[in-house]
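Engineer: make a model of this:
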Amino acid sequence: MLEIKNLVVSYGAISALHGISLSVPAGKIVTLIGSNGAGKTTALKTISGLLKPKTGEIFYEGKNISGLPAHQIVKLGLSHVPEGRMIFANLTVGENLQMGAFLVSDKQVVQRELEFVFATFPRLKEREAQIAGTLSGGEQQMLAIGRALMSQPKFLMLDEPSLGLAPLLVKAIFEKIIEINRERGLTILLVEQNANRALEISSYGYVLETGTITLHDTSAALRQNPQVKSAYLGGH
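Structural biologist: Below you'll find the predicted structure:
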């Protein structure tokens with residue numbers, strides 16, 4: 001569904017991604033793991049049109065989308081939940097979700113998506129009229145995912161959904177990611193520092209180190225890989 005070929009991205013003179021290639025099959029959860037500053041967020045921002053690649057190509061459903069503006073990429077069904085959640089803190093939960101449906105003109109569709117989001121995250125329904133900035137970290141993460149779902153994506157990118165959350169909430173968020181993938185058949189590209197959890201729920205994984213993919217394999221194989229174990233899974 002998504003194929004990246006030899007993607008090079010620079011910030012001025014500094015090269016952030018050095019010709020990475022990866023593919024995400026339809027209906028699967030694929031994870032991109034790596035330490036801080038490896039280029040994971042850069043990769044997602046480039047796919048979603050927030051950054052322009054220097055060279056390389058990004059194919060989504062067979063169409064070359066490299067260099068398209070971000071709103072056109074959302075229209076194609078590709079949604080991005082950014083690192084740090086980036087919710088509209090001064091708007092209510094309900095208004096944040098409506099913003100997610102900005103490009104959806106059919107009111108019935110918006111209502112249906114809203115009901116799906118509330119069924120997935122009942123806490124958001126309880127807090128619909130609350131100002132989003134007053135939510136807990138976990139609730140804000142649910143809201144960020146819910147807002148992305150409002151645009152009816154076929155492909156969802158999640159950047160560090162467990163960042164700064166208590167272990168119990170991390171477990172809940174990951175369960176929801178699996179649920180969304182299964183129930184909606186939504187394809188997911190997950191960037192996550194909690195490598196163990198990410199490899200548990202994904203079918204395939206890529207290891208990104210300082211802008212280069214150093215390893216890729218099935219998630220089960222990566223979890224057994226000695227290099228991955230010592231670098232990311234806290235094992236030896």
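Engineer: lowest-pLDDT helix or strand in this protein?
Structural biologist: Lowest mean confidence among the helices and strands of the chain (mean pLDDT, DSSP states H and E): helix 107-120, at a mean of 86.
Engineer: how far away from the center of its chain is it?
Structural biologist: 20 Å (CA atoms, centre = their mean, to the nearest Å).
Engineer: mind saving the C-alpha coords of the next helix or strand after that helix as CSV?
Structural biologist: Later in the chain than helix 107-120, the nearest helix or strand by DSSP states H and E is helix 122-126. What follows is helix 122-126, C-alpha atoms only, in CSV (Å, rounded to 0.1, in the frame of the first residue of the first chain):
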residue,chain,number,x,y,z
PRO,A,122,-15.7,6.0,25.4
ARG,A,123,-13.7,8.4,27.5
LEU,A,124,-13.8,11.0,24.7
LYS,A,125,-17.6,10.8,24.6
GLU,A,126,-17.7,11.6,28.4
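Engineer: quick one: mean pLDDT over helix 122-126.
Structural biologist: For helix 122-126, the mean pLDDT works out to 91.
Engineer: could you say what helices and strands it packs with?
Structural biologist: helix 107-120, helix 137-149 (3 or more CB pairs under 8 Å, 6 or more residues apart in numbering; DSSP states H and E). C-betas here are computed from N, CA, C, even on glycine.
Engineer: give me the residues contacting the longest one.
Structural biologist: By that I understand helix 107-120. For helix 107-120, contacts defined as CB atoms under 8 Å, 6 or more residues apart in numbering pick out 97-98, 101, 104, 124-125, 128, 146, 149-150, 152, 176, 179-180, 184.
Engineer: noted, bye for now.
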